[in-house]
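In: model the following, please.
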Amino acid sequence: MADNLEQCRPALERCPPALSRRSRFLSNLAFSLRDKFRKRSVLSDLNDVEQCRVALKRCGPGHSLRSQYLNNLANSLLDRFRQQGVPSDLDECIELHRAALLLRPHGHSDRSESLNNLAVSLGHRFRQRGVPSDLDECIELDREALLLRPPGHSDRSQSLNNLSAGLADRFRQRGVPSDLDEFIELDREALLLRPPGHSDRSRSLNNLAASLGDRFRQRGVPSDLDECIELHRAALLLRPPGHSARSQSLKNLAFGLADRFRQRGVPSDLDECIELHRGALLLRLPGHSDRSQSLNNLASSLRDRFRQRGILSDLDETFSLFLQLPHISHAVSRSDLTAAKSWATAAEEANHSSALLAYQTALKFLDQHVTLLSPSSRHFDVVRMATASLAVDAFSCSIRHGALTSAVELVEQGRAVFWTQLARLSSPFDGLSLPGDTGGALAEEFKQLSFRLRTAFDQPTEDQSPQIRQLTIQWNDVVSRIRMLPDLSRFLLPPMFSDLQKAAEEGPVIIVNASQYSCDALIVLSDRNPVHVLIDVTRAHVSELSSDFQSVAEQFGCSDHQNKLVGILRKLWHDIVDPVVQALRKSNVCPGSRIWWCPTAEFTLLPLHAAGPYERERDNLSQIYISSYTPTLATLVRNPDRGKELRCVAPELAAIAQRLVPIVTSFTSLEESDATVQGVLGALNHNQWLHLACHGIPNRQRPFESSFAMHDGPLMIKDIIRSNWQNSEFAFLSACHTTVGHENSPDESIHLAAAMQFSGFRSVIGSMWSVDDEVAQQVVSAFYNKLVDDSGRLDCTRAAVALHKAVKKLRRNNIPLEQQIVFVHIGI
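Out: Have a look, this model is predicted:
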């Protein structure tokens, strides 16, 4: 290797800049530097990236060696990503490998190399960001590469190992048993092709050991674990001090010993595991992209030993390691977020004083992690798994520590994450002072990139994925530059309490939170500190209440469920809503005032607005306050004051027209064949108010495909997101199930009503379950009669009061209770 470097440098110096062969000398020098880095991990050798760039520029389209130079630059960027974790390096690497693959069609002698390299890069991106489509593509590319490397091919062992690694990742994510058996067989075949003395034997030993460890954890066969440990020991011997993969082998052997300790309880296994993790951490210095992973691994092992032996110094060291996480300097990956969540769990378990800092760190990492993802419903599961119960547990922790304003900030930061990211693409520059030409240029660039990303949301063609990823990188870069301008350091960062408190200017916002640690309500008021209300129930009780309500709701309209419904509404009142009402009264919130509910977790599925004792001489909530909902406080702040035939749709629209024609000078009416998807989207470009009377079709498994039924097909949430409506005011969604979202992610609020609100509508009325067609007509008629004030002016801020009065009128018409409470107001 040293000889290669000494030969490459003089050759390059003797080769004039204009000579055509200079690009080849540059490429050779870069290759030698990269090879040196892989063996010795010397950071200065990563400068080969720039050498490769120069070589590629000299080798334009049509050059016979262009695919090789694309490949070289991509591999150099991947090496730098592995060491420094810069996301843009990985994205560029993948696009370069795609370009190289296009230049190596079927039949090209180097096609298998390009297939392999692109697969490896996609595998790295999956492990960093967790996007399933990257992993699926990686596996398919590896399979194609393996077909081009039959028995006897010199690179067959490489393809066997790579395909095995992809299948192992998929097994760990999705748990498909056939993947487990297949990747173990692939690893055994690869090891046979790498006998003692082979340069890549350590990798095959490591991979087979990891696969056997997976099978042990799945099936519990002790012999798998023993073989796993022995293979890891053999791999470590082949990776002496100075080897670039030594930290990986130290970590993997430690994992195997930890598994054996948990199975057999031998103390020496745990002690050796801890020392191996210490060794791995020493090799992953500050700035290394895997440092947080090693901090987490060592801390977790020390926690295990503390549980077994009760040595306080182990616990102290555990948290001294976790306390290094807020200071990581590399770009955030999934493993960083995982480490911060482990810290929070450990701090809760030990009642450690760092718990709140752990949640703050995890939510900061979550925000940074999500910004790496381009806006697509394909990434929803990534966001869903990353958030889990993080926000609601952070809220509970803040409450228990007496940090009430932090509780508001943290729960806001960790809920409706997907909508928040999309809303950033709609953030206006109006009112922001951007100094000079630079500021104006940045504002325009931000607007253009945001518009392009929003309109590209969930487009059906995969061909756009590289362009969308590039737009995402450019967008993040522009945002970073805007934050360097005076007074804009917090541009698009999670809002502070002082910002969120503005949501309560028209009335208190009540956050109702269900966590595994406690259930609480927090009343946010505009002119004082939040008021905490302890709710004396567990999350399991709330979950049971929610399940009972969903069961009753399924029977609406077809059985005698009135008594069950009233029983649930009474429980809601007694356990949750009445304590909040008492606190509101103590806070001098007058009867008849507007209040906003901001529920989390299972609370999002319960009709809080309809709670009450349902007894004579006692008021229900609807007789005390006028309720609205909001998925987050930020949505209120962002919008400041400025199936079967539906026989009653036509009469409903006629009633609206009759009431509003004297006030509204022009409107667009779309009925029957005119009510098409494009017709509605187009009409909203020049109308600020919307009344939609149609079927609502929720999709609990694929929430972005929840839709309104138009004459020519579904108008889906993804269509609404791509729209760019201006100055939208009010939407009445006279359709069923418009507030029903993803069944396992209620905190993300992916439903039709939220889509309208996040797309700019300041005020929205939607439904929690099925709406009776005739009842809808009565509600709509009464609502619009109450909406118009004495001046004859339309004002969307009156919508909640108008709905409240319309529903009150229904009670006198002997309408079933579930139809009296089906409509809810969201927004201002």
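In: ok, residue 571 touching residue 544?
Out: No: applying C-beta atoms under 8 Å, one finds residue 571 not in contact with residue 544, separated by 9.9 Å. (C-beta placed from N, C-alpha, C; glycine too.)
In: per-residue pLDDT, residue 666?
Out: According to the prediction, residue 666 has pLDDT 55.
In: and residue 41, by the same measure?
Out: 48.
In: got the phi and psi for residue 285?
Out: Torsion angles at residue 285 (phi, psi; degrees, to the nearest 10) stand at phi -70, psi 170.
In: what about the nearest residue to it once chain neighbours are set aside, how many residues nearby?
Out: Nearest non-adjacent residue to residue 285, counting by C-beta to C-beta, 6 or more residues apart in numbering: residue 291, 7.1 Å away. The tally of other residues near residue 291 (other C-beta atoms under 10 Å) stands at 25.
In: circling back: residue 571 and residue 544: which has the busier surroundings?
Out: Relative neighbour count places residue 571 above the other of residue 571 and residue 544, with 19 against 14, counting by other C-beta under 10 Å.
In: which residues of the stretch 201-350 of the chain fall in helices?
Out: Ranges of helices within the stretch 201-350 of the chain are 201-219, 222-237, 246-264, 267-282, 291-309, 312-322, 334-350, based on DSSP state H, counting those that start in this stretch.
In: as TSV, those helices with mean pLDDT and distance to residue 508 would be great.
Out: Formatted as TSV, the helices of the stretch 201-350 of the chain follow (pLDDT from 0 to 100; distance: least, C-beta to C-beta, whole Å):
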stretch	mean pLDDT	distance to residue 508
helix 201-219	93	49
helix 222-237	96	57
helix 246-264	96	49
helix 267-282	97	48
helix 291-309	95	40
helix 312-322	96	37
helix 334-350	93	29
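In: distance to residue 597 added to these, as a markdown table?
Out: Compiled in a markdown table, the helices of the stretch 201-350 of the chain are given as follows (distance: least, C-beta to C-beta, whole Å):
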| stretch | distance to residue 597 |
| --- | --- |
| helix 201-219 | 43 |
| helix 222-237 | 51 |
| helix 246-264 | 44 |
| helix 267-282 | 46 |
| helix 291-309 | 37 |
| helix 312-322 | 35 |
| helix 334-350 | 27 |
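In: closest to residue 777 out of the ones you listed?
Out: Residue 777 lies closest to helix 334-350 among the helices of the stretch 201-350 of the chain, at 49.2 Å (C-beta to C-beta).
In: what packs against that closest one?
Out: Contacts defined by 3 or more C-beta pairs under 8 Å, 6 or more residues apart in numbering; DSSP states H and E place helix 334-350 against helix 111-129, helix 291-309, helix 312-322, helix 355-371, helix 390-400.
In: can you rerun that using 10 Å?
Out: helix 111-129, helix 291-309, helix 312-322, helix 355-371, helix 380-387, helix 390-400 (3 or more C-beta pairs under 10 Å, 6 or more residues apart in numbering; DSSP states H and E).
In: what packs against the second one?
Out: Counting contacts by 3+ C-beta pairs under 10 Å, 6+ apart, helix 291-309 is packed against helix 246-264, helix 267-282, helix 312-322, helix 334-350.
In: list the buried ones in the shortest one?
Out: When burial is assessed from 16 or more other C-beta atoms under 10 Å, helix 312-322 yields the following buried residues: 314-315, 317-319, 321-322.
In: and what of the first one?
Out: Within helix 246-264, the residues that count as buried by 16+ other C-beta under 10 Å are 246-261.
In: for the stretch 651-800 of the chain, just list every one of the helices.
Out: Assigned by DSSP H, counting those that start in this stretch, the stretch 651-800 of the chain shows helices spanning 677-683, 717-722, 752-758, 773-787, 799-811.
In: neighbours around residue 411, how many?
Out: Applying other C-beta under 10 Å, we find 29 residues neighbouring residue 411.
In: now do it against residue 445, distance only.
Out: Distance of residue 411 to residue 445, given as C-beta to C-beta, to the nearest Å: 33 Å.
In: what's the answer for residue 724, then?
Out: 17 Å.
In: which residues do residue 571 and residue 544 both contact?
Out: Residues touching both residue 571 and residue 544 by C-beta atoms under 10 Å, 6 or more residues apart in numbering: residue 537.
In: burial measure for the nearest residue to residue 105 once chain neighbours are set aside, as a count.
Out: Spatial nearest neighbour of residue 105, excluding adjacent residues (C-beta to C-beta, 6+ apart): residue 111 at 7.1 Å. For residue 111, the neighbour count with other C-beta under 10 Å is 19.
In: so residue 111 touches residue 101, yeah?
Out: Yes: the pair residue 111 and residue 101 passes the contact test of C-beta atoms under 10 Å, sitting 7.4 Å apart.
In: shared neighbours of the two, which are they?
Out: residue 67.
In: about what we covered before: tell me which of the helices and strands packed on helix 291-309 lies nearest to residue 756.
Out: Closest of the helices and strands packed on helix 291-309 to residue 756 is helix 334-350, at 30.7 Å (criterion: C-beta to C-beta).
In: distance from the chain centre to the closest one, please.
Out: Distance, stretch centre to chain centre, for helix 334-350: 17 Å (C-alpha atoms, centre = their mean, to the nearest Å).
In: and the angle for it with helix 312-322?
Out: 140 degrees (axes from the mean of the first three to the mean of the last three C-alpha atoms, to 10 degrees).
In: could you pull out the strands for this structure?
Out: For the chain, the strands defined by DSSP state E cover 509-514, 519-524, 531-534, 594-599, 626-629, 689-693, 696-697, 707-710, 713-716, 730-734, 763-767, 823-827.
In: please name every helix or strand in contact with the fifth one.
Out: Where contact means 3+ C-beta pairs under 10 Å, 6+ apart, strand 626-629 is packed against strand 594-599, helix 752-758, strand 763-767, helix 799-811, strand 823-827.
In: ok, the last one next?
Out: For strand 823-827, the helices and strands in contact under the criterion 3+ C-beta pairs under 10 Å, 6+ apart are strand 594-599, strand 626-629, helix 633-638, strand 730-734, helix 752-758, strand 763-767, helix 773-787, helix 799-811.
In: repeat that for 8 Å
Out: Packed next to strand 823-827, using 3+ C-beta pairs under 8 Å, 6+ apart, are strand 626-629, helix 752-758, strand 763-767, helix 799-811.
In: where does the stretch 351-500 of the chain have low pLDDT?
Out: 372-386, 426-438, 456-466, 468-469 (pLDDT under 70).
In: so where do the helices sit in it?
Out: Going by DSSP H, counting those that start in this stretch, the stretch 351-500 of the chain shows helices at 355-371, 380-387, 390-400, 404-413, 417-424, 436-455, 465-482, 497-500.
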